[in-house]
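J.: coordinates for the following, if possible.
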Amino acid sequence: VRDGDQWVLNGQKIWTSAGHLADHIFTLVRTDPDAPRHKGISFILVDMRQPGVEVRPIKMISGESEFNEVFYTDAVASNDDVVGGLNNGWAVAMTLLGFERGEAAATGPIRFQAEVDRLLLLAKADRQIGLMDTLAAAFGDRRDAARTQHGLADILRARIFAIACGYEDGNDLGTLRSDPMLKIACGRLPETGPDLASQPTVSRMENAPGLRDLVRMQAAMLELWCKSYKKPPDSIVLDIDDTTDVVHGRQQLCLFNAHADEYCFMPVHIYDASSGHCLLAGLRPGKTPAGKEVACHIRRTVRHIRKYWPDTEIVWRGDGHYGRDEAMAFCESQQNVRYIFGFAPNAVLKDMVFPDADEVCVRRALAQSEKERGFAELQYKAKSWKSGPRRTIARIEATPRGADTRYVVTDLEGDPAHLYEQVYCARGTAENLIKRHKSQLASDRTSCRSALANQMRLVLHSAAYWLMRLLSAAVPASEPLRSEEHTSELQSRG
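T.: Sure, this is the predicted structure:
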């Protein structure tokens, strides 16, 4: 908005590179709201040191903040700060695109140093926990040693380091194989050392493992996670959830999902709630998991954990997709295995909780409040359940629009409000961890036709997630889910 000889700016700009280091910023501003789409835009230089400009770093999974959000709240720029003439900003911006490399040159040293530091730290983290060697041993190299130039651990190391640095496509290794810093991180001399594995070699590696190889690799990673604890914890909470992975071809296991309105996979993810560690990322069809499948994932995970922590209490937490009779029955049959799952509403539950819901609605109406919350506890048994009734907690929330009721089923003891608000609702953090896995490490690049090759990609991206999580956890106060019980190998040895 124009105010005399100056402009008052309000709005937001996102993905501003190195914005936290800058004193001034160029911004495209709508100065004529009645003009067509690419008209009425001005290119304005804004002083970032004034009170009306707020910079919020966008924290990546590595703990770094190269990109930023910039918010303008009554920020001020003078007429002299308009570049290229009023309402001519789009032409200026298009012209500057031709000189985009100038910006890259200006911030290049910062970015180069950040990438160098990241690669060296990734290499240190790998050496300390032995992740690549563990995966290679579980995979098993069946190639003729006399004709092998690149060891399996070396191929995995180059591929996973590249993913962690933002090169999620295997084709990138065609160029990166000769990158000096990546060669150093992989233990080779930058100039005279042989190049890393080529893209075809990496592609053959991704398509080589069979089902047993992939199961062994996932088991080895799970057991490596158990060994990262100095001593067995008294209790752990494991979050299980799935996520939509849209496909763009006729890949094996892809199905049409009506909720997502896409052909997709729905990989299952399991995370340690205290550390944010990814225990499993398993490829599965694009449909809601059945009870036997959920029980299988839980049973296999518990079996491996019990090899190292026979007495640790394991609490499983998930949404309504995982509140299945088979899964709960398995937990009930095991010692120190507990659960709290969401549960879908139905007519029977609605009738059972009606008196409590009515009381909450009346209380809200009498108080004339915007929202009133209450809890009810009941013993409920679905017709399909083979076992008896289970403890079910109803969260009732009344607003002027009516009552909203959510249910959880659990064998945990404690106050219903605490179990729902403090224990169950904390599972929302796992959804953010899945977003890190998908968006920041691009683990949804499951474009192979073979389901086994796509599962191998999930293993590779999970390994990159491990290393990035270790780097992030080494930054003070950067991971809110860390607890004092958990100490990674990087922390304990570094």
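J.: show residues contacting stretch 307-321.
T.: Contacts with stretch 307-321, where a contact means CB atoms under 8 Å, 6 or more residues apart in numbering, come from 223, 226-227, 232-242, 273, 288-289, 294, 298, 302, 305, 322, 327, 331, 336-344, 412, 423-424, 426-427, 430. C-beta here means a position set from N, CA and C on the backbone, and glycine is covered the same way.
J.: now do the contacts for residue 268.
T.: Counting by CB under 8 Å, 6+ apart, residue 268 touches 240-242, 280-282, 284, 289, 297.
J.: give me that answer again for 6 Å
T.: By CB atoms under 6 Å, 6 or more residues apart in numbering, the residues touching residue 268 are 242, 282, 284, 297.
J.: who's the second one bridged to?
T.: Right, the one you point to is residue 282. On the basis of DSSP bridges, residue 282 is bridged to residue 268.
J.: how about the helices in the stretch 201-350 of the chain?
T.: Per DSSP state H, counting those that start in this stretch, the stretch 201-350 of the chain carries helices over the ranges 211-227, 291-306, 325-333, 347-367.
J.: what would those helices look like in CSV with mean pLDDT and mean neighbour count?
T.: CSV is the format used below for the helices of the stretch 201-350 of the chain (pLDDT from 0 to 100; neighbours: other CB atoms under 10 Å):
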stretch, mean pLDDT, mean neighbour count
helix 211-227, 94, 17
helix 291-306, 95, 18
helix 325-333, 96, 18
helix 347-367, 93, 14
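J.: pull the helix or strand with minimum mean pLDDT from the protein.
T.: Using mean pLDDT, DSSP states H and E, the weakest-scoring helix or strand in the chain turns out to be helix 489-493, at a mean of 34.
J.: hmm, back to that, show me which of the contacts of stretch 307-321 are buried.
T.: Neighbour counting by 16 or more other CB atoms under 10 Å classes 223, 226, 233, 236-242, 273, 289, 294, 298, 302, 305, 322, 327, 331, 336-343, 412, 423-424, 427, 430 among the contacts of stretch 307-321 as buried.
J.: helix, strand or coil for the residue positioned nearest the centre of the chain?
T.: Geometric centre of the chain, nearest residue: residue 436, 2.4 Å, by CA atoms, centre = their mean. For residue 436, the assignment made with DSSP: H, G, I helix; E, B strand; the rest coil gives helix.
J.: equivalent analysis for residue 197, please.
T.: Following three-state DSSP, we place residue 197 in the coil state.
J.: my guess is it contacts residue 150. True?
T.: Yes: contact criterion CB atoms under 6 Å: residue 197 and residue 150 qualify, at 4.4 Å.
J.: so what's the residue count around residue 422?
T.: Using other CB atoms under 10 Å, residue 422 is surrounded by 11 other residues.
J.: that one and residue 237, how far apart?
T.: 11 Å (CB to CB, to the nearest Å).
J.: with residue 307 instead?
T.: The value you get for residue 307 to residue 237, if CB to CB is used, is 20 Å.
J.: what's the answer for residue 249, then?
T.: Here the criterion is CB to CB. By it, residue 249 lies 37 Å from residue 237.
J.: what of residue 264?
T.: Going from residue 264 to residue 237 by CB to CB gives 28 Å.
J.: correct me, but residue 244 touches residue 264?
T.: Yes: in this structure residue 244 lies within contact range of residue 264 using CB under 6 Å: 5.1 Å.
J.: between those two, who's got more neighbours?
T.: Under the neighbour definition other CB under 10 Å, residue 244 and residue 264 were set side by side, and residue 264 has more, 25 against 16.
J.: quick one: the strands in the stretch 101-250 of the chain?
T.: With strands called from DSSP state E, counting those that start in this stretch, the stretch 101-250 of the chain shows them at 235-242, 245-246.
J.: now do the last one, average pLDDT.
T.: Okay, so that is strand 245-246. The average pLDDT within strand 245-246 is 92.
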